[in-house]
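Student: here's my sequence, what's the structure:
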Amino acid sequence: MGGVASSDPLVELTLRDSPEMRDGEAFAQWESFLSESYVPLAVEPVPDPSFHGRIVRGSLPGFELSTVGASAQRIRRTRRGIAGTDGEFLFVSILTDGFGRLHQDGRIAVVRPGDMVFYDTTRTYHWDLEGAWEQVVARVPLSLLDEYLAVDRGALPTATTVSADSPGGVVAAFLRDLARIQQSAPGQATVLADNGVRLLASAITLAGGVRPSGESAQALTREQVLAYMRANCTDPGLTVDMIARACLTSRRSLYRLFDDPGEGLSAVLRRMRVERARGMLVFDTERSTTAIAHAAGFASERHFFRAFRVETGMTPGEYRAAAAAEPARGEISRHTA
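Tutor: Numbering: from 1, shown residues only. Okay, the predicted model is just below:
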């Protein structure tokens, strides 16, 4: 039998075909799962002796974020489904595994892992998903996006592929990382998602051939800077000038992007390095704290200890001991059918 189990903040739905199920029963349950999680949808089966599906979803400031994956299938948004929907939404999907084609507004987007696409729930669309697949999906109210979009609703770049190496690719990477953090540390994901709607608006605007402006442009530039810092934070020689040059911005603009109390550039960089160190302390138990300090980008062990205590309230040794004594606890409520 299928079922739904919920808790605050995440819900997980899983389904796997079994000999006890009648023909078509698994797909009927999966169609119900998808419709409850997103909008009313019709699912057409593709023959598969071992059908499976899984959704993990939760709410973040301004939008819902989920990870969904299953066996091959066709998913259709019909006129009947549109008529039975409360609310108007834009979906943003990033394929993380498999291959698919999205059809909407006379366009067909070929979607491969890393690619991002947009689709509007007020109009019909369908997905052809071949083989096993997985996506990260954001559901955003169109009324909220209207505040930040530089394109009209009628000109939304639906069924247009945004590749990982395009300017909008930084937003796809942000959503993938956010979905991963959402499953391991939902509270952190809520904080990180604060600029999420503005970032999504900037990616949509870019895909529509318009340069973002105002808050959306600032959110995109900030995320580009953060992406560069994440990739290079373990370099102890990383400087503000290096970051500014790499992100094609000025020092002054860089400081303006990070002028919130406690969110200055140095604080953000320190936090990134401490986060790297925390992972090594837990999972690389044979490595010394001195070696971890250098691997995480700190110029000295003394600097590492001071920064670590500021961020965690513990010394690296205390943190490692506490992590070893208490295994991580999951925050997802699970139900398997």
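
Student: what segments of the stretch 101-250 of the chain are strands?
Tutor: For the stretch 101-250 of the chain, the strands defined by DSSP state E, counting those that start in this stretch occupy 107-111, 116-120, 125-141.

Student: deepest-packed of these, please.
Tutor: For the strands of the stretch 101-250 of the chain, the largest average neighbour count (mean count of other Cβ atoms under 10 Å) is found in strand 116-120, namely a mean of 26. (Each C-beta comes from the backbone N, C-alpha and C, glycine too.)

Student: quick one: that one to strand 107-111, angle?
Tutor: 140 degrees (axes from the mean of the first three to the mean of the last three Cα atoms, to 10 degrees).

Student: so what's the spatially most central residue of the chain up against?
Tutor: With distances taken as Cα atoms, centre = their mean, the residue of the chain nearest its centroid is Leu175 (2.3 Å). Neighbouring residues of Leu175 by Cβ atoms under 8 Å, 6 or more residues apart in numbering: Leu65, Val92, Ile94, Met116, Val136, Ala138, Gly196.

Student: what kind of secondary structure is the first one in?
Tutor: So the one you mean is Leu65. Going by DSSP: H, G, I helix; E, B strand; the rest coil, the secondary structure assigned to Leu65 is strand.

Student: what is the end-to-end distance of stretch 36-55?
Tutor: 11 Å (Cα to Cα, to the nearest Å).

Student: re the thing from before, ok, which of the strands of the stretch 101-250 of the chain comes nearest Pro167?
Tutor: Closest approach to Pro167 among these (Cβ to Cβ): strand 116-120, 11.6 Å.

Student: list the buried residues of stretch 17-35.
Tutor: Of the residues in stretch 17-35, Asp17, Met21, Ala26, Phe27, Gln29, Trp30, Glu31, Ser32, Phe33, Leu34, Ser35 count as buried by neighbour count, 16 or more other Cβ atoms under 10 Å.

Student: ok, these vs Ala227, which is closest?
Tutor: Nearest to Ala227 among the buried residues of stretch 17-35: Leu34, at 31.1 Å, using Cβ to Cβ.

Student: gap between the closest one and Ala321?
Tutor: To Ala321, Leu34 is 45 Å away according to Cβ to Cβ, to the nearest Å.

Student: now do Ser202
Tutor: Here Ser202 is placed at a distance of 43 Å from Ala321 (Cβ to Cβ).

Student: between these two, which is the more surrounded one?
Tutor: Ser202 (30 against 13; other Cβ atoms under 10 Å).

Student: pretty sure that one sits against Val171.
Tutor: Yes. Contact criterion Cβ atoms under 8 Å: Ser202 and Val171 qualify, at 6.9 Å.

Student: between these two, which contacts overlap?
Tutor: With Cβ under 8 Å, 6+ apart, Ser202 and Val171 have common neighbours Leu220.

Student: would TSV of the contacts of Leu175 with distance to Thr124 be doable?
Tutor: Converted to TSV, the contacts of Leu175 look like this (distance: Cβ to Cβ, whole Å):
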residue	distance to Thr124
Leu65	24
Val92	18
Ile94	22
Met116	21
Val136	23
Ala138	20
Gly196	27
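
Student: closest to Arg77 out of the residues you listed?
Tutor: Out of the contacts of Leu175, the member with the shortest distance to Arg77 (by Cβ to Cβ) is Val92, at 15.0 Å.

Student: hey, what's the nearest residue to that closest one once chain neighbours are set aside bridged with?
Tutor: With Cβ to Cβ, 6 or more residues apart in numbering as the criterion, Val92 has its nearest non-adjacent residue at 4.3 Å, and that residue is Ala138. Each beta-bridge partner of Ala138 is listed here, defined by DSSP bridges: Leu65, Val92.

Student: point me to the helix or strand that includes Val56.
Tutor: Per DSSP states H and E: Val56 is located in strand 52-60.

Student: thanks a lot, see you next time.
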